[in-house]
Each structure stands twice: as structure tokens, then as C-alpha cells.
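Enquirer: everything below, folded, please.
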Amino acid sequence: MQKTIDFRRAEFSQSAPSLAQCPPDEGAEVAFAGRSNAGKSSAINALTGNSKLARTSKTPGRTQLINFFELGEERRLVDLPGYGYAKVPLETKQRWQRHLSEYLEKRESLRGLVLLMDIRHPLQEYDTNLLNWAVQAEMPVHILLTKADKLKSGQRKNTLLQVRQHMREAEVDDLVSVQTFSSLKKEGLAEFVVVLEGWLRDSEEVASAEQPEG
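Expert: Just a heads-up that it's a prediction; the model follows:
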């Protein structure tokens, strides 16, 4: 029986402004993407049980680099630059977008994309653009509808059903999964861990299968 992945052992390893400065493209990693106010850092901190691991700020857009967190055994979590909200010059914003696109298109060790959306404002234009890219690249996506504690139970369920219905109608529900999530109350954390472990374990099994016999 395989051991579960201990996300609490995550440690910051490095930041990179572009693909060329990322760590060696080996092993497996899962990337977190979303608007700058969607709660990426809070979700990573909740997952790892370390409130200081990923930077959080009341000023969206502070994270301008690709940040890598090592889990050991050539597994990583990756915090991508937030998009669509930061009050920065257009030129800076466009540079972030170029580096983000390059990473998503060329990073061989990327096994899945966690797309975070504020449950009160799901499927904004930038979210849809990123989903379209992922589907074209056949990259698995898991949508976290964050800040679920901000809505009542009925509203949470309705939004979840609406987003899932949207994925079914777009015929991408085989590649895109969706759940509600609250970093504050740790709601949905166990479900989220199962998804991440599935992605990281799949890569482990593929690597084992590719090992030559003898």
C-alpha cells in the first residue's frame, strides 16, 4: 500500500521570473492558477498546514513570480502569478502573461492545473481563457470554487451545480472537475487532497512503467 503524500512537508525552494529560470523539468508538479484575488496563496497554506508558506496580501497581484514548493521525491507545488486584477502597468501585465503561457505550454513535468475562482464570481473571462488552453492541451483541471464560507449552503450548492453543468455542456467534464472550497474553514480539503494525490501518483506510475526491465 502506497503512503499518502505529506503536503505538510512542503518547503519553498525558489522563485522564477520565466520558464528558463525554473528548476529542472523533472518529476511531477501541480500548478495553482487564478485571478489575483481568488485565494491561491491561502489555498496552498491550508493544504500544507503552514500559514506562512505562500505569501498572502490584502493587495492582489503581489505574486509576480512563479514560486516552487518542494514536496520531496521530485514532487512540487507551483504558485503561478495571479492574473486579471493587479493594479500594475499594462506592459508588466503582458510580460506576466507571456511567462505564464510559456510555462503552461512547455513545462513537461506539469501534471495538472488547479484553477481557483471566487465562488461569488466564477468563470470570468481570464478563467475561461485558461480553461480553453488547458482543454486544447489535454491538461487535467480541477476548479476550486474558493471562499465558499462567504455563501449560504444553498447558494454554494447552486453555484457548484451551475459550473458543473457548464462543463458538461462544453463537453469537457471528462477533463475538468469542480468542487467548493474554504481555506478559512478547511472545507473541501480532504476532497482536494485526493485529486492532487491522484495526479502526482499517476506520474509516479507512468515513470515506473517506463523503466526498462532487467
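Enquirer: going along the chain, name the helices of this structure.
Expert: 40-48, 90-106, 125-136, 153-169, 189-210 (DSSP state H).
Enquirer: got these as CSV, with mean neighbour count, mean pLDDT and distance to G82 columns?
Expert: To be clear about C-beta, it is placed using only N, CA and C from the backbone, and glycine gets the same treatment. Below are those laid out as CSV (neighbours: other C-beta atoms under 10 Å; pLDDT from 0 to 100; distance: least, C-beta to C-beta, whole Å):
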stretch, mean neighbour count, mean pLDDT, distance to G82
helix 40-48, 23, 93, 7
helix 90-106, 15, 80, 8
helix 125-136, 16, 88, 10
helix 153-169, 14, 97, 20
helix 189-210, 14, 76, 19
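Enquirer: now tabulate those in TSV and tack on distance to E26.
Expert: Compiled in TSV, the helices of the chain are given as follows (distance: least, C-beta to C-beta, whole Å):
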stretch	distance to E26
helix 40-48	21
helix 90-106	14
helix 125-136	22
helix 153-169	32
helix 189-210	10
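Enquirer: to S183, which of the ones you listed lies closest?
Expert: helix 40-48 (3.9 Å; C-beta to C-beta).
Enquirer: one step back: of all the helices of the chain, which lies closest to A16?
Expert: Of all the helices of the chain, helix 90-106 comes closest under C-beta to C-beta, at 8.6 Å.
Enquirer: so what does the top strand by length along the chain touch, helix or strand wise?
Expert: Criterion DSSP state E: the longest strand present in the chain is strand 110-118. On a contact count with 3 or more C-beta pairs under 8 Å, 6 or more residues apart in numbering; DSSP states H and E, strand 110-118 meets strand 28-34, helix 40-48, helix 90-106, helix 125-136, strand 141-146, helix 189-210.
Enquirer: direction included, what does that strand pair against?
Expert: Neighbouring strands of strand 110-118 in its sheet, by DSSP bridges, are strand 28-34 (parallel), strand 141-146 (parallel).
Enquirer: just the CA coordinates for the first one, please, in PDB.
Expert: In other words, strand 28-34. C-alpha atoms of strand 28-34 as PDB (Å, rounded to 0.1, in the frame of the first residue of the first chain):
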ATOM      1  CA  ALA A  28       5.900  15.900 -11.300                       C
ATOM      2  CA  GLU A  29       4.300  19.200 -10.300                       C
ATOM      3  CA  VAL A  30       0.800  20.700  -9.900                       C
ATOM      4  CA  ALA A  31       0.300  24.400 -10.600                       C
ATOM      5  CA  PHE A  32      -2.100  26.800  -9.000                       C
ATOM      6  CA  ALA A  33      -3.600  29.500 -11.200                       C
ATOM      7  CA  GLY A  34      -6.300  32.100 -10.800                       C
END
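Enquirer: quick check, central residue of the protein?
Expert: Among the residues of the chain, F32 comes closest to the average C-alpha position under C-alpha atoms, centre = their mean, at 2.1 Å.
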